[in-house]
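Colleague: I need the structure of the sequence given here:
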Amino acid sequence: MNKAVFLDRDGVINRKGSGYYVFREEEFFLNKGVSDALKYFISKGYLLIIITNQGGIAKGIYTTTHLEKLHNYMIQKLKAFDIVLTDIYYCPHHPDVSQCLCRKPGTLLFEQAIAKYKIDPKGSFMIGDSQIDIQAADKMKIKGILLPTNGNMMDIIEAGKI
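Modeller: Numbering: from 1, shown residues only. Next comes the predicted model:
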């Protein structure tokens, strides 16, 4: 079985700025330590899977086309550091507009990734910047690690949390 690092996007991979929704390339900046941390995880044999809530789609703030364009931009930025993501899963719903099972703290996106990539939850972990991320991980019996919003992932590696 494979092991994976599940990662929230906004606030973990990229800077969460004054605007709540990040969907434009000019608003997307990798957080400090992201490239070094992701390279470290790859060197330890982890798959890299982003699981992100993107409720701005349901609210009509941006479209799936905007999101996919931004994700392609992120993929290219990471490739410049020789980092290849295994996959990106996103929930386009928002509880103010529509109900679903995929929005964290729901677990559907985790379940799909685990099935597709034959992941061992006990050998995996989730890095998120909110309690919702940790709650989803707990439901799946995945170790959850809370990172301060826009924090440096290398800090949790150096602190031995991983």
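Colleague: show me how far the longest strand anywhere in the chain is from its chain's centre.
Modeller: What stands out as the longest strand in the chain, according to DSSP state E, is strand 46-53. Its chain's average C-alpha position is 4 Å from that of strand 46-53, according to CA atoms, centre = their mean, to the nearest Å.
Colleague: now stretch 78-91
Modeller: Centroid separation for stretch 78-91 versus its chain: 10 Å, with CA atoms, centre = their mean.
Colleague: ok, which stretches of this protein are strands?
Modeller: Going by DSSP E, the chain shows strands at 3-7, 46-53, 87-91, 125-128, 143-146.
Colleague: which one of these lies nearest to residue 66?
Modeller: For the strands of the chain, distance to residue 66 was read as CB to CB. The smallest value, 11.8 Å, belongs to strand 87-91. Just so you know, the C-beta spots here come from the backbone N, C-alpha and C atoms, and that holds for glycine as well.
Colleague: which helices and strands does the closest one pack with?
Modeller: Counting contacts by 3 or more CB pairs under 8 Å, 6 or more residues apart in numbering; DSSP states H and E, the secondary-structure elements packed against strand 87-91 are strand 46-53, helix 108-117.
Colleague: can you list the strands that it pairs with?
Modeller: Strand 87-91 pairs in its sheet with strand 46-53 (parallel), by DSSP bridges.
Colleague: does residue 145 touch residue 126 like I think?
Modeller: Yes. Here residue 145 lies in contact with residue 126, judged by CB atoms under 8 Å, at a distance of 6.9 Å.
Colleague: which neighbours do the two share?
Modeller: Shared between the contact lists of residue 145 and residue 126 (criterion: CB atoms under 8 Å, 6 or more residues apart in numbering) are residues residue 134.
Colleague: closest one to residue 80 among the strands of the chain?
Modeller: The stretch from the strands of the chain with the least distance to residue 80 (CB to CB) is strand 46-53; that distance is 15.3 Å.
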